[in-house]
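>>> Structural data only, the sequence is not supplied:
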């Protein structure tokens, strides 16, 4: 008998893997503030993945329709958040070794990546398409199975971010103060650039993918993982 937890784990890991602004933020925070800051940032994205994965597995049609109808608004919101984060990084003063964040700082790291992931409706679409291909629609109406699947997505996505943070942390002590300054500036410029693209250049598809009408339909041939 196939394990929904394992399937969710594999899907969560694969969808988290493409490198994008969230991955760059996790790397920067790990370099500047330590592995706990990086891990909490990655866990924010993983939590959003698990939420979208659970909704996709449940086949919540109104969620799909709402996200796709307002996808431009979500994209613009994500762009604005990225620009704000980028500006903060660009002009932030870097200490020789920044103290590890506590309390509100860690909460801010978590919610920033959580919200950024939620502002990308294609994450939900990707989960819906892959689950349909895997025949995961059977979990609808079975709360325990849905929780098992969402738990797998959370762990799978979390494993990817843990790997990234652990890898970066191995080399953290080899970087000098000036290197951290340039990492902050480079990350800020990159994140602002992506934010500007989301705000003024990129536009969502004019025709939304037909998913979750009466049941999930396979769309994996039309979708590519969204860079994080």
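Everything's here; your move. Remember, predicted model here, so these are calculated numbers, not experimental data.

>>> contacts, neighbours, all on C-alpha from now
Fine.

>>> Where does the prediction get shaky in this structure?
Low-confidence segments of the chain, defined by pLDDT under 70: 1-2, 61, 94-104, 135-143, 177, 204-228.

>>> all helices for the chain, in order.
For the chain, the helices defined by DSSP state H cover 4-16, 21-33, 35-58, 61-69, 71-91, 104-118, 121-134, 143-170, 177-196.

>>> Redo those helices as JSON lines? Include mean neighbour count and distance to residue 202.
JSON lines is the format used below for the helices of the chain (neighbours: other C-alpha atoms under 10 Å; distance: least, C-alpha to C-alpha, whole Å):
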{"stretch": "helix 4-16", "mean neighbour count": "22", "distance to residue 202": "21"}
{"stretch": "helix 21-33", "mean neighbour count": "24", "distance to residue 202": "15"}
{"stretch": "helix 35-58", "mean neighbour count": "26", "distance to residue 202": "22"}
{"stretch": "helix 61-69", "mean neighbour count": "17", "distance to residue 202": "15"}
{"stretch": "helix 71-91", "mean neighbour count": "20", "distance to residue 202": "9"}
{"stretch": "helix 104-118", "mean neighbour count": "19", "distance to residue 202": "16"}
{"stretch": "helix 121-134", "mean neighbour count": "23", "distance to residue 202": "14"}
{"stretch": "helix 143-170", "mean neighbour count": "21", "distance to residue 202": "26"}
{"stretch": "helix 177-196", "mean neighbour count": "19", "distance to residue 202": "9"}
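
>>> Which of those helices sits closest to residue 203?
The closest of the helices of the chain to residue 203 is helix 71-91. By C-alpha to C-alpha, the value is 7.0 Å.

>>> orientation of that closest one relative to helix 21-33 in degrees?
Relative orientation of helix 71-91 versus helix 21-33 (axes from the mean of the first three to the mean of the last three C-alpha atoms, to 10 degrees): 20 degrees.

>>> quick one on the thing from earlier: okay, the helices of the chain in CSV with distance to residue 203 next?
Putting the helices of the chain into CSV (distance: least, C-alpha to C-alpha, whole Å) gives the following:
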stretch, distance to residue 203
helix 4-16, 21
helix 21-33, 18
helix 35-58, 22
helix 61-69, 12
helix 71-91, 7
helix 104-118, 17
helix 121-134, 12
helix 143-170, 27
helix 177-196, 12
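
>>> Understood, closing this out.
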